[in-house]
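J.: Here's a sequence, model it:
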Amino acid sequence: MSLSSCQLFEAGFPANVLHLNDPSCNGTLQNGKLVFHFDNDDHICGTNLMVKGTHFIYENSNQGVAD
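T.: As a prediction, the model looks like this:
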């Protein structure tokens, strides 16, 4: 998952205050985007997996407190 860093920073959200559902899952800045990594094994970051017939839906949210 990635988010535009300039839109976040303009809204008062610096990279170091944002995380996924799991507060230990912070993003890293890469090429102007705040990128969050998670997987299906040991690092799920509070992600919920839903199976909808022929496809999967991963659900998570970005959380933090604006300055």
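
J.: Just the residues contacting stretch 4-17, thanks.
T.: Leu18, Asn26, Gly27, Thr28, Leu29, Gly32, Lys33, Leu34, Gly64, Val65, Ala66, Asp67 (Cβ atoms under 8 Å, 6 or more residues apart in numbering). (Glycine included, C-beta is placed from N, CA and C.)

J.: Do me a favour and average the pLDDT over that stretch.
T.: What stretch 4-17 shows for mean pLDDT is 84.

J.: Show me what counts as buried in it.
T.: When burial is assessed from 16 or more other Cβ atoms under 10 Å, stretch 4-17 yields the following buried residues: Ser5, Leu8, Phe13, Ala15.

J.: next one: stretch 57-67
T.: Applying 16+ other Cβ under 10 Å to stretch 57-67 flags Asn60, Asn62, Gly64 as buried.

J.: Now render those residues as a markdown table, adding secondary structure, distance to Leu49 and pLDDT.
T.: Below are those laid out as a markdown table (DSSP: H, G, I helix; E, B strand; the rest coil; distance: Cβ to Cβ, whole Å; pLDDT from 0 to 100):
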| residue | secondary structure | distance to Leu49 | pLDDT |
| --- | --- | --- | --- |
| Asn60 | coil | 10 | 93 |
| Asn62 | coil | 18 | 89 |
| Gly64 | coil | 23 | 87 |
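
J.: Dump those to JSON lines, plus distance to Met50.
T.: Output for the buried residues of stretch 57-67, formatted as JSON lines (distance: Cβ to Cβ, whole Å):
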{"residue": "Asn60", "distance to Met50": "12"}
{"residue": "Asn62", "distance to Met50": "19"}
{"residue": "Gly64", "distance to Met50": "24"}
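
J.: Test for you: state the pLDDT assigned to Ser61.
T.: Reported pLDDT at Ser61 in the predicted model: 92.

J.: So it is in contact with Leu18, correct?
T.: No. Using Cβ atoms under 8 Å, Ser61 is not in contact with Leu18, being 10.4 Å away.
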